[in-house]
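Colleague: coords please:
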Amino acid sequence: MANPDKSIDLKILRSAKEEFSSKPYEQVSLRDICAKAGVTTGAFYNRYKGKEELFDALVAQTLELIQEFSGKREAVSYAHLDEDTLRRIWDLTPETQADIINMFYDNYDGFRLLLCHSSGTKYENFLHDFVTDVTARSYRFMQEAYKRGMTSALIEEEELHMLLTAYYSTMFEPVAHGLSREKALQHSETVAKLFDWTAVLGF
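Modeller: Numbering: from 1, shown residues only. You can find the predicted model right below:
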């Protein structure tokens, strides 16, 4: 049996990225995508069920990266951390900010699709869903810190969600506005001055 032509997949994805990035989701035509990719609709349907699955394929790597990034932070065993280490997790150092920005820009196209071109897809509430996941993970940290007497009060989960929404909204803005990585890194330094998490969380 002949091996499938992988170049067709790349052509379809390249064409799809251009179409989804330039038109509202509802106006994107699979026929146009195939025509620009120089492939038949039959070749397309041998690989994807339709437009929704195609968009999924374009953002899959970015979504996996987000889970990996969040998982690494949560993988730290809070029960065995010393107090200084717990504080450093929430200290917005230039290195911490740069890590986040570089994660965004290393996967720039995927984040652009999720942030700016996902209306009409199941990802249209990407920022809210992303922050909801981060809030749940972060609140577990807060509970551990409070249990260990490292904070004098436990901030409510709803308020934490609002604060994290504000933080990630401004961190994502350079991507949404199409700024360069260099300008995004400069922006993140300003953001760090606005969000003193160690003060907010009562360390």
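
Colleague: got the domain boundaries for the protein?
Modeller: Listed domain ranges for the chain are 1-48, 59-200 (source: automatic domain parsing).

Colleague: which helix runs longest in the protein?
Modeller: helix 51-74 (DSSP state H).

Colleague: so which bits of it are buried?
Modeller: Neighbour-count burial for helix 51-74 flags 51, 54, 55, 58, 59, 62, 63, 65, 66, 70 (criterion: 16 or more other CB atoms under 10 Å). Glycine gets a C-beta too; all of them are placed from N, C-alpha and C.

Colleague: excluding chain neighbours, what is closest to the fifth one?
Modeller: If the residues on either side of it in the chain are set aside, residue 59 comes closest to residue 110, at 5.1 Å by CB to CB, 6 or more residues apart in numbering.

Colleague: any stretches of this structure with poor pLDDT?
Modeller: 1-6, 72-83, 85-88 (pLDDT under 70).

Colleague: repeat that with 90
Modeller: Along the chain, the parts satisfying pLDDT under 90 run over 1-9, 67-97, 99, 137-155, 192-203.

Colleague: geometric centre of it: which residue is closest?
Modeller: residue 66 (5.3 Å; CA atoms, centre = their mean).

Colleague: can you count the residues close to the closest residue to that one other than its chain neighbours?
Modeller: With CB to CB, 6+ apart as the criterion, residue 66 has its nearest non-adjacent residue at 6.8 Å, and that residue is residue 130. Close neighbours of residue 130, defined as other CB atoms under 10 Å, add up to 20.

Colleague: distance of residue 130 from residue 171?
Modeller: Shown here: residue 130 relative to residue 171, a distance of 11 Å by CB to CB, to the nearest Å.
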